[in-house]
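K.L.:
what follows is a predicted structure for the sequence shown.
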Amino acid sequence: MNDPVSKPPFDPSIQVSPNNPCPFLRGLVGEGFVDGGTVPLRTLSQTIANASGETGLKKSSARVQVRGVALIANGACHILQSMFWGAQLNRLRGGPLDKLGAGSRILGVDGTVSEDQIARLAGFGSTYADPAGGSETGLNASQIQTFMNDNLKRAGNQARWYYSLLMKFEWPILLRIMGKGQGDDRYLSVAEVRTLFNERKFPERVTRRMVSQPVRPPSLILRAVGGLVAALLVFGIVALRFPDQFQPMLPGILGNLVAPPLPRHVEPRAAYWLEQNWALEDRHWFHHASQGTATFPVPYSWFMALEQPRLHFFAKPGMLHDSDHLQRFGFIPSPQTINTDEATLRRFGYANVYDKTRPVPGRLWDPPVNWGKQAENVDGLPVGFARMTGVPDPATGKIGEDRIGLTCAACHTGQIHYKGIDIRFDGGPAMTDLRKLEVTTGLSIAYTLYVPGRFKRFADRVLGPSASDADRDALKQKLSAIGTFLVDWEKTYAKTIEGKTRFNEKTRRDEPQQDTEEGYGRLDALNRIGNQVFSQDMTLSGLSGFEKNLHARDAPVSFPPIWTVPWLKYAQYDASIEQPLIRNAGEALGVTALLNLSDATPKDALFRSSIDIKNLNWIEDLLKGSAPYPKKQLSGLTSPKWPSDIFGDDAWKIDGDRVKRGRKLYADICVECHLGPVNDPVFDIEFPQQSIWSSDRWQSIGDDKFLNEVQKSARGMGTDSSQASVLATRTVQVPGFLKLDPTQNLNGWWNCNLPDVSSTDMPYALGLMVLVDIVSRKAMDDAKIDPKVQNIWWGARKNCPNPGPQPAEKNEPGPWYRARPLNGVWATAPYLHNGSVPSLYWMLSPAAERPKSFCMGGGRDYDPKQVGFAVTDGESCKTGQSRFSTRAADGTDLVGNSNAGHSFDGTPGPGKDGTIGRVLREQERYDLIEYLKTL
Ligand code: HEC
Ligand code: HEC
């Protein structure tokens, strides 16, 4: 077609489609090198490589690059077509190369050339000496870069993230092909650019290059193979290099191999931990003391040796445990030790926020807990990461390698961001995405096994560089076994869930089970615990067939705050647990404490676990403090105070008049369920009748009084019923040899007064209660805790199912949600048990007006006006954020994600499920919000 003989003379009448916006490709068509329709990729890439004047390897590399760009030029949907037949040069508009106004804008949509824009281009250049003599205006590489940056800036938020990537293949390539001069002085002549645009004609010297190197038409088979290779190269390289952007676009299997996208981490200008009645020692211990969990599937030292599952061609990837990396999952950085200098402590936010010149005050909490050796954080892991040492293999009792797990603080430490400042507080809801971390860890293991070079580095770190081949092989085998288990388990989970149904309360029908994305700030704790204990732990103990106990993670909840909860009679959103040790030990099993449920091990090994019962007890003590009643004061971990002293900003000032009006509204409307506030003495004076301290809801249990919260039926509240249904409807099957007999055991130990149930097929709630009870007793015995001390640790609160509101308030049918005291509520967005409401403003609005779809995570700023997150319905999410949405893409309701109920839209009454109060005027909502800020 275009060898020296057959190339036709330049013919200005050749039409070039206005739908081809690329000046270079227009030149190729205009000069008759290729025709304006479909051009085989090989032809195109050879032609362009010829034009570049490169030789040898550089020329081949130019060809591959051109192929890659040409391949995606018509858009992802046309890849197959492009691969077999070629790029369609008259169809480039609307494809990824068309930057919709974010490019130079020299060529209009109708193919006309704008002289103004060419003049603008020239404005970025300077005068260069033409090697052929004379001088002219041109742009060198750095001027071109400035020009492109300015184009992006001009386009504002119309510019897509990948434009800057694509641009590298446009003007800079043109410079490579058409530039004059060498090195920094190599420039693109503005006059030649003008000719190229206007006349679609290359400078003579470029045409000559192309004409002197013939291009052979490709065979069909070569076309396909070449295309495939280029496709894999481009997609593989780009996707793995930019997983954050590409993962969401990749289909199934390929998507599974690419690390989930993560938001960018922005270093704060400053950070502060709020005062909460805990000393620095208390905090750091709580952040890193192990509760006996091995949440991560590999030993501690292996975890520290894993790399991030990303590919970098010229540098090693960062480590999985890098603080910067883990912060992108929402974790909070933590110092290695608190016995360090003030500047370091301050960097981590441990400055006295009320007197910024001094470090935090000494111990405030009385009596201090003596927990012996302080938990150090030698590797500088984030808050909530704990190293478990002296780990017994629960089957054999043999001490094995140190493990790494999450402790309470991973899920119960809050952080808000505001204008570059991070505010941190203990016991608040975490804004982490644990599922993402789970997947990323699994991929990291897979990459270590399969990406060339990685295992060697991993083994060097774990075993030392001089380790023998045999040791390395053994390590690889063990890691590979773990990898295989993880993959198999994901498959088993997917397959089992696919075949299962659940009862939908709303439609009153059985429907297929399906996961609901947890995302940032949420976790389906209850279903996960069941899956861990009644399925994975049984499988790991060698029992088969118990995958049938798996249940979809379809009831994600917002991490709840845990201050004050030790003094509530019932914990959990559904008020399901009274016994604190059972609550904590159950959680520890759910977060993967090792547990032996095998019938093939010695009898005394059955129910042995790695849970650290001592630490669990200390943690509870630390949270709890001393009895609030009759002192009328909470101690232990107190709720954080609204931080107006940190932000000078007017937005953080408290308006006293509003507070007064808000207090009155609270007394009128909210007290019925949330009771009087626990920390507002003014309220107690103004509304003595409604003061929490004179409430008859303090119930004596043992030597102390506990607040019996108001419980309301899930149906009447109208909020999503999924969480409340988990314990109420899920069932589990257990092997007979475990002799889990809920009726006999719980009645025997706690006088629960339960009717008989089968000991192999039982409600999940009862199965969990009895199993955790047995495991906790075993853990105390194994730790040789004196029976008298054991009794003190248990306390007087029972491990019995919640019988429902007592006295049976207004016949509230189960299941229930309970109304918590609202101290510290300003710090706990998003709201409702399922995190479906982004701010207090929307909590106090008619439910129908609430936003239905918004983004979470990614360091999103806190909004002190609406209190919580200021979102717009249907907003577009930044890279790596998760989307909360009440509906799936196909418009159907997502299970677990309703944002209805607790609605202020009318007069409550029969047939008005979900309505709990009248519509509040805008002023009233802000008065209430102002008051809630002070609690
Ligand atoms: C993996 C995350 C995670 C870890 C680790 C964790 N929790 Fe929780 N915790 C949750 C979630 C989620 C809930 C809400 C469960 C529900 O009600 O459905 C919860 C509930 C609670 C509650 C009840 C709160 C309420 O509103 O009634 C308390 C108290 C609590 N956790 C304490 C702890 C303690 C103490 C530890 C450590 C010993 C711990 N948690 C570890 C996630 C976690
Ligand atoms: C009829 C009882 C009732 C009344 C009246 C009531 N609430 Fe609630 N509230 C509840 C219950 C029950 C929940 C938990 C619902 C859930 O999570 O599904 C709740 C949850 C909340 C939450 C979310 C807490 C969280 O865990 O995220 C806030 C905030 C709240 N209420 C504020 C108020 C305010 C302010 C008022 C008064 C203007 C009020 N409520 C009146 C029963 C009530």
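P.N.:
The structure has been received and is ready for your questions. Ligands and ions are numbered 1, 2, ... in the order given.

K.L.:
only C-alpha atoms from now on, for both contacts and neighbour counts.
P.N.:
Noted.

K.L.:
what does this structure put close to ligand 1?
P.N.:
Within the chain, the residues that sit near ligand 1 (Cα under 6 Å from any ligand atom) are 406-408, 410-411, 523, 525-526, 557, 559-560, 562, 565, 571-573, 584, 587, 591, 616, 620.

K.L.:
those residues in helices, which ones?
P.N.:
Taking DSSP state H as the definition of helices, those contribute 408, 410, 411, 525, 526, 584, 587, 616, 620.

K.L.:
now the first one: closest residue in space, sequence neighbours ignored.
P.N.:
Nearest in space to residue 408, with sequence neighbours left out and distances taken as Cα to Cα, 6 or more residues apart in numbering, is residue 384 at 6.4 Å.

K.L.:
which pair in the ones in helices among the residues of the chain next to ligand 1 spans the largest distance?
P.N.:
526 and 620 (19.9 Å; Cα to Cα).

K.L.:
which of those two has more neighbours?
P.N.:
The neighbour comparison of residue 526 against residue 620 (other Cα atoms under 10 Å) goes to residue 526, with 22 against 16.

K.L.:
what helix or strand is the residue in the stretch 151-300 of the chain that ligand 2 sits nearest to located in?
P.N.:
Scanning the stretch 151-300 of the chain for proximity to ligand 2 using Cα to the nearest ligand atom identifies residue 276 as nearest, at 19.5 Å. Assessed by DSSP states H and E, residue 276 sits outside every helix and strand.

K.L.:
try residue 50
P.N.:
Going by DSSP H and E, residue 50 is in helix 41-52.

K.L.:
so which elements touch that helix?
P.N.:
helix 56-73, helix 171-178, helix 204-212, helix 220-241 (3 or more Cα pairs under 8 Å, 6 or more residues apart in numbering; DSSP states H and E).

K.L.:
just to revisit the earlier point, and for the residue nearest to residue 408, the neighbour number?
P.N.:
Residue 384: 26 surrounding residues under other Cα under 10 Å.

K.L.:
quick one: it and residue 588, what's the gap?
P.N.:
13 Å (Cα to Cα, to the nearest Å).

K.L.:
check residue 278 too.
P.N.:
According to Cα to Cα, residue 278 stands 23 Å off from residue 588.

K.L.:
compare these two (neighbour count), which wins?
P.N.:
Taking other Cα under 10 Å, residue 278 and residue 588 do not tie; residue 588 has more neighbours (29 against 25).

K.L.:
pretty sure residue 611 is one of the things the more buried one touches, is it not?
P.N.:
Yes: between residue 588 and residue 611 there is a contact under Cα atoms under 8 Å: 6.6 Å.

K.L.:
between those two, what contacts are shared?
P.N.:
The contact sets of residue 588 and residue 611 overlap at 291, 292, 293 (Cα atoms under 8 Å, 6 or more residues apart in numbering).

K.L.:
what parts of this structure come near ligand 2?
P.N.:
Checking the chain against ligand 2 by Cα under 6 Å from any ligand atom, the hits are 666, 669-670, 672-674, 712, 719, 817-819, 831-833, 840, 916.

K.L.:
just to revisit the earlier point, which residues does the residue of the stretch 151-300 of the chain closest to ligand 2 contact?
P.N.:
425, 426, 637, 638, 639, 640.

K.L.:
buried ones only from the ones in helices among the residues of the chain next to ligand 1, please, as a PyMOL command.
P.N.:
PyMOL command restricting these to the buried ones, with burial defined by 16 or more other Cα atoms under 10 Å:
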select buried, resi 408+410+411+525+526+584+587+616+620
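
K.L.:
only the C-alpha atoms, please, for stretch 439-451, written as PDB.
P.N.:
In PDB, the C-alpha atoms belonging to stretch 439-451 read as follows (Å, rounded to 0.1, in the frame of the first residue of the first chain):
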ATOM      1  CA  VAL A 439      -9.100  -9.400  50.300                       C
ATOM      2  CA  THR A 440      -5.900  -7.400  50.100                       C
ATOM      3  CA  THR A 441      -4.100  -9.700  52.500                       C
ATOM      4  CA  GLY A 442      -5.300 -12.800  50.500                       C
ATOM      5  CA  LEU A 443      -4.000 -11.200  47.300                       C
ATOM      6  CA  SER A 444      -0.700 -10.300  48.900                       C
ATOM      7  CA  ILE A 445      -0.200 -14.000  49.800                       C
ATOM      8  CA  ALA A 446      -1.100 -15.000  46.200                       C
ATOM      9  CA  TYR A 447       1.300 -12.400  44.700                       C
ATOM     10  CA  THR A 448       4.100 -13.600  47.000                       C
ATOM     11  CA  LEU A 449       3.600 -17.100  45.700                       C
ATOM     12  CA  TYR A 450       3.200 -16.300  42.000                       C
ATOM     13  CA  VAL A 451       4.900 -13.000  41.100                       C
END
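
K.L.:
what about that stretch, distance to the chain center?
P.N.:
Offset of stretch 439-451 from its chain centre (Cα atoms, centre = their mean, to the nearest Å): 18 Å.

K.L.:
which residues outside that stretch are in contact with it?
P.N.:
257-260, 296, 306-309, 320, 454-455, 458, 476, 479-480, 483, 486.

K.L.:
how close does residue 305 sit to ligand 1?
P.N.:
Residue 305 sits 23 Å away from ligand 1, going by Cα to the nearest ligand atom, to the nearest Å.

K.L.:
can you count the residues close to that residue?
P.N.:
Close neighbours of residue 305, defined as other Cα under 10 Å, add up to 18.

K.L.:
contact partners for it?
P.N.:
Residues near residue 305 by Cα under 8 Å, 6+ apart: 319, 320, 458, 461, 462.

K.L.:
out of the residues you listed, which is most surrounded?
P.N.:
residue 458 (24 neighbours).

K.L.:
pull out the buried residues from the host helix or strand of it.
P.N.:
Following DSSP H and E, one finds residue 458 within helix 454-463. Using 16+ other Cα under 10 Å as the test for burial, helix 454-463 gives 454, 455, 457, 458, 459, 461, 462, 463.

K.L.:
run the angle between the very next helix or strand once past that helix and helix 454-463 for me.
P.N.:
Using DSSP H and E, the helix or strand that directly follows helix 454-463 along the chain is helix 469-498. If you take axes from the mean of the first three to the mean of the last three Cα atoms, to 10 degrees, helix 469-498 sits at 110 degrees to helix 454-463.

K.L.:
what is the mean pLDDT for whichever helix or strand comes after helix 469-498?
P.N.:
The helix or strand immediately downstream of helix 469-498 is strand 501-504, counting by DSSP H and E. Taken as a whole, strand 501-504 carries a mean pLDDT of 85.

K.L.:
which helices and strands sit right next to the helix or strand following strand 501-504?
P.N.:
Of the helices and strands lying after strand 501-504 in sequence (DSSP H and E), the nearest is strand 509-512. For strand 509-512, the elements it packs on are strand 501-504, judged by 3+ Cα pairs under 8 Å, 6+ apart.

K.L.:
thanks again, I'm all set now.
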